[in-house]
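Engineer: task: produce atomic coordinates for the following.
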Amino acid sequence: MILQATVALPVLVAALLAATGRWLPRPAVDITALATAAAVTALTALTLARAPHRPQVTWLGGWGPGTGVGIPLAADPLAAALACVAAALTLAALAFSWRYFTEIQAIFHALILLFLASMCAFVYTGDLFDAFVFFELMSVVAFALTGYRSEEPATVHGALNFGIVQSLGAYLTLAGIALIYGRTGQLGLAAIGRHLTGGGGPHPRPDALITAAFVLICTGYLVKAAAVPFHFWLADAHAVAPTPVCVLFSGVMVELGVYGVARTYWAVFPGLVPLRAVAVLGAAAALLGAVMCVLQHHVKRLLAYSTISHAGLLLVGVAAGTPAALSGTAYSLAGHAGVKGALFLAAGALLNRFQSVDARDLRGRGRVMPVTGAVVLTGALCLAGLPPSGLFAGHSVTEHAVLEQGWWWFTPLSIAASAVTAGAVLRVWLVVWRGMPLRRDPGETGARDGAAEEHGPAGQDDREGPETPVTLASIPWVMVAPAVALLAAGLAIGLLPGGPVADAAAMFADRDAYAALVLDGRLTHPHAPPAEPWTLAGLAGSTVTLLLALGVAAAGVRRAAPTHPAGTAAARPARGRAPLTRAVGAATRRLHELHSGHVGDYAAWLTAGVAVLALLTARF
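Structural biologist: Here you go, the predicted structure:
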């Protein structure tokens with residue numbers, strides 16, 4: 001009953017709050033939502049504790065395996081861990097919201113709880129169609145949360161971009177499900193996997209239909225995971241969504257897209273289709289996300305592009321197709337969730353206190369918020385792989401695993417992406433908390449000191465509007481404590497022993513083990529060597545990444561703002577610039593133009609991405 005309760009409890013409480021919330025006092029709504037999220041966190045933690053030792057499977061409606069219509073909920077250790085991460089982040093977001101919002105309707109809490117239920121259900125479900133249903137419930141709720149401040153045109157614009165792009169990806173996923181159902185007559189992941197390996201019928205050879213089904217199903221997940229070129233919606237949505245919602249978007253929703261690709265592949269398609277095409281899109285996301293991240297001054301948009309970059313690295317780890325690489329990806333996912341959640345909460349504290357998250361406007365003003373500054377500084381170092389963080393452990397284990405496959409390029413990719421994204425966050429800390437002026441961007445045309453031209457979508461101003469009409473004279477502990485707790489969790493993830501993580505990854509990547517769990521209620525323990533992050537190569541890579549991140553941050557600021565008489569050459573930076581500087585400036589402007597904010601452009605990129613994914617999958 002634990003798995004059913006994990007999904008049903010937040011749904012029931014959300015319905016109760018939606019029906020009666022307008023008559024309940026605000027403290028009652030907050031306490032009810034917090035208590036529900038805490039209960040779900042406890043249930044997921046209990047499921048995680050039991051998953052390695054006893055089967056955690058239940059069939060809804062009493063329909064068991066072999067009936068063809070049964071819907072299983074199954075929690076192997078990695079799935080249970082991801083559900084626990086989702087619940088913990090939801091609890092932190094709701095705790096932060098208690099004092100962050102002076103005026104909030106109960107429907108916000110109801111939507112957050114529905115979002116939690118859909119995330120847990122998606123992670124646990126063993127049915128392909130119901131995974132689609134829960135994934136789309138997540139998208140619908142996320143669309144409503146993104147557009148929660150619907151009185152602002154920019155919010156409506158960002159929410160529509162999110163909703164339309166996500167819907168297009170969903171249609172393609174549904175088409176892929178129809179293809180695989182037509183081939184196998186099954187919708188259960190384990191049942192489809194057994195059928196395709198000969199357990200339920202003739203053993204099909206890899207063919208165009210199976211390849212097309214995989215590409216279409218994964219397209220919807222890759223849209224959610226913000227793989228290039230499906231990523232355009234993410235920064236627009238993060239820029240306008242309430243900050244506590246961004247914690248869930250970057251901390252777990254994007255990662256669920258990565259999980260969807262991994263679960264679908266290993267439960268259904270291993271050996272039938274290659275995953276290297278996913279590695280190409282992931283590597284592109286890692287590079288482009290890092291470049292766009294360092295070009296931002298809007299802190300929430302900067303963190304959103306950092307999420308794109310790190311999600312790309314997660315996709316490469318999944319695409320490596322080995323349990324060892326998956327172990328590293330699990331470390332990275334959990335570490336990234338904690339660190340990125342903490343950084344978004346810190347951005348929310350800045351927005352509440354100063355009504356802005358533009359680093360140029362906040363220069364030097366963060367000195368009155370030392371704890372928040374410590375969160376940002378430590379979070380930036382964790383993004384660079386500071387030991388013993390989960391990102392350090394993940395990068396170390398993944399790099400060692402993919403080197404055994406000859407993927408030598410992953411190490412420089414991981415170091416570069418991590419250093420650039422961490423350096424961008426460190427630059428924010430230097431500007432906001434140390435008062436250092438920003439260096440002029442290569443693509444800047446304005447003359448404002450330390451400023452760049454605005455880079456919002458569709459020419460919109462890049463500054464964040466206030467999310468609450470009342471600012472707090474000091475940040476209360478109920479807003480600081482969730483960020484500190486998430487950051488501490490992100491740091492502690494790397495201390496988890498490698499043996500259980502490797503065993504969980506081996507079970508996840510074993511199609512027969514998953515089928516035995518779901519269809520037979522039998523827990524198997526595939527053998528796997530321990531994942532060992534504390535290696536000389538891992539520590540060396542972390543050191544190099546940290547040094548490069550410091551260099552990126554230092555290159556983005558200058559020690560003092562120079563003063564020049566009007567009309568001098570220095571006061572006219574656009575004239576006489578070196579050819580390389582002009583070329584970099586032109587490339588920068590072109591990148592911003594590609595992220596135009598026009599949904600038609602995003603739909604065109606999505607179409608092109610599907611074609612590229614299909615071509616690469618067929619070729620590999």
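
Engineer: any stretches of the stretch 401-550 of the chain with poor pLDDT?
Structural biologist: Residue ranges of the stretch 401-550 of the chain with pLDDT under 70: 440-473.

Engineer: change it to 90
Structural biologist: Confidence mapping of the stretch 401-550 of the chain against pLDDT under 90 gives the ranges 404-405, 435, 437-479, 498-499, 519-532.

Engineer: all helices of it, in order?
Structural biologist: 410-434, 477-492, 498-508, 511-520, 536-555 (DSSP state H, counting those that start in this stretch).

Engineer: going by neighbour count, list what's buried in the fourth one.
Structural biologist: Applying a neighbour-count criterion of 16 or more other CB atoms under 10 Å, one finds Arg511, Ala513, Tyr514, Ala515, Ala516, Leu517, Val518, Leu519 buried in helix 511-520. For glycine as for every other residue, the C-beta is placed from the backbone atoms N, C-alpha and C.

Engineer: now swap in the longest one and tell me
Structural biologist: For helix 410-434, a neighbour-count test (16+ other CB under 10 Å) marks 410-411, 413-433 as buried.

Engineer: gap between the closest residue in space to Leu391 that isn't next to it in sequence and Thr524?
Structural biologist: Spatial nearest neighbour of Leu391, excluding adjacent residues (CB to CB, 6 or more residues apart in numbering): Gly335 at 4.3 Å. The gap separating Gly335 from Thr524 is 28 Å, by CB to CB, to the nearest Å.

Engineer: who has more neighbours out of those two?
Structural biologist: Between Gly335 and Thr524, counted using other CB atoms under 10 Å, the more crowded position is Gly335 (28 against 15).

Engineer: surely that one meets His395?
Structural biologist: No. Applying CB atoms under 8 Å, one finds Gly335 not in contact with His395, separated by 9.4 Å.

Engineer: can I get whatever helix or strand His109 lives in as CSV, trimmed to CA atoms?
Structural biologist: Per DSSP states H and E, His109 falls inside helix 106-124. The C-alpha coordinates for helix 106-124 follow below in CSV (Å, rounded to 0.1, in the frame of the first residue of the first chain):
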residue,chain,number,x,y,z
ALA,A,106,-4.5,27.6,-2.0
ILE,A,107,-4.6,26.6,-5.6
PHE,A,108,-0.8,27.1,-5.7
HIS,A,109,-0.4,24.5,-3.0
ALA,A,110,-2.8,22.2,-4.7
LEU,A,111,-0.9,22.4,-7.9
ILE,A,112,2.4,21.8,-6.2
LEU,A,113,1.0,18.6,-4.5
LEU,A,114,-0.4,17.4,-7.9
PHE,A,115,3.0,18.0,-9.4
LEU,A,116,4.5,15.9,-6.6
ALA,A,117,2.0,13.1,-7.2
SER,A,118,2.6,13.0,-11.0
MET,A,119,6.4,12.9,-10.5
CYS,A,120,6.2,10.0,-8.0
ALA,A,121,3.7,8.1,-10.2
PHE,A,122,5.9,8.6,-13.3
VAL,A,123,8.9,7.3,-11.5
TYR,A,124,7.1,4.2,-10.1
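
Engineer: what's whichever strand or helix holds Ala142 packed up against?
Structural biologist: Ala142 belongs to helix 128-146 when assigned by DSSP H and E. Other elements packing on helix 128-146 under the criterion 3 or more CB pairs under 8 Å, 6 or more residues apart in numbering; DSSP states H and E are helix 106-124, helix 153-184, helix 189-196, helix 208-224, helix 232-240, helix 243-248, helix 254-268.

Engineer: next one: it to chain centre, how far?
Structural biologist: Centre-to-centre, helix 128-146 and its host chain are 15 Å apart (CA atoms, centre = their mean, to the nearest Å).

Engineer: what's the angle between that helix and helix 254-268?
Structural biologist: Helix 128-146 runs at 180 degrees relative to helix 254-268, counting by axes from the mean of the first three to the mean of the last three CA atoms, to 10 degrees.

Engineer: so Thr243 makes contact with Phe101?
Structural biologist: No. Contact criterion CB under 8 Å: Thr243 and Phe101 do not qualify, at 9.8 Å.

Engineer: closest one to Thr155 among the helices of the stretch 401-550 of the chain?
Structural biologist: Nearest to Thr155, of all the helices of the stretch 401-550 of the chain, is helix 477-492, at 22.3 Å by CB to CB.

Engineer: ok, and for that closest one, which residues are buried?
Structural biologist: Met479, Val480, Pro482, Ala483, Val484, Ala485, Leu486, Leu487, Ala489, Gly490, Leu491.

Engineer: and the fifth one, how far from Thr44?
Structural biologist: Computed as CB to CB, the Val484 to Thr44 distance reads 21 Å.

Engineer: same check, this time on the third one
Structural biologist: If you measure Pro482 against Thr44 using CB to CB, the figure is 17 Å.

Engineer: again, but for the first one
Structural biologist: Separation of Met479 from Thr44 (CB to CB): 24 Å.

Engineer: which one is the most centrally placed residue in the chain nearest to, not counting chain neighbours?
Structural biologist: By CA atoms, centre = their mean, the chain has its centre lying nearest to Val254, at 3.2 Å. Distances taken as CB to CB, 6+ apart put Ala311 closest to Val254, at 5.1 Å, once the chain neighbours are dropped.

Engineer: for Gly609, same thing?
Structural biologist: Gly609 sits nearest to Pro229 (CB to CB, 6+ apart), 4.4 Å away.

Engineer: list the residues that contact that neighbour.
Structural biologist: Leu281, Ala284, Trp605, Leu606, Ala608, Gly609, Val612 (CB atoms under 8 Å, 6 or more residues apart in numbering).

Engineer: and those, which are buried?
Structural biologist: Leu281, Ala284, Trp605, Leu606, Gly609, Val612.

Engineer: name the helix or strand for Gln186, please.
Structural biologist: Applying DSSP H and E, one finds Gln186 in no helix or strand.

Engineer: burial count for it?
Structural biologist: Using other CB under 10 Å as the criterion, the residues surrounding Gln186 number 21.
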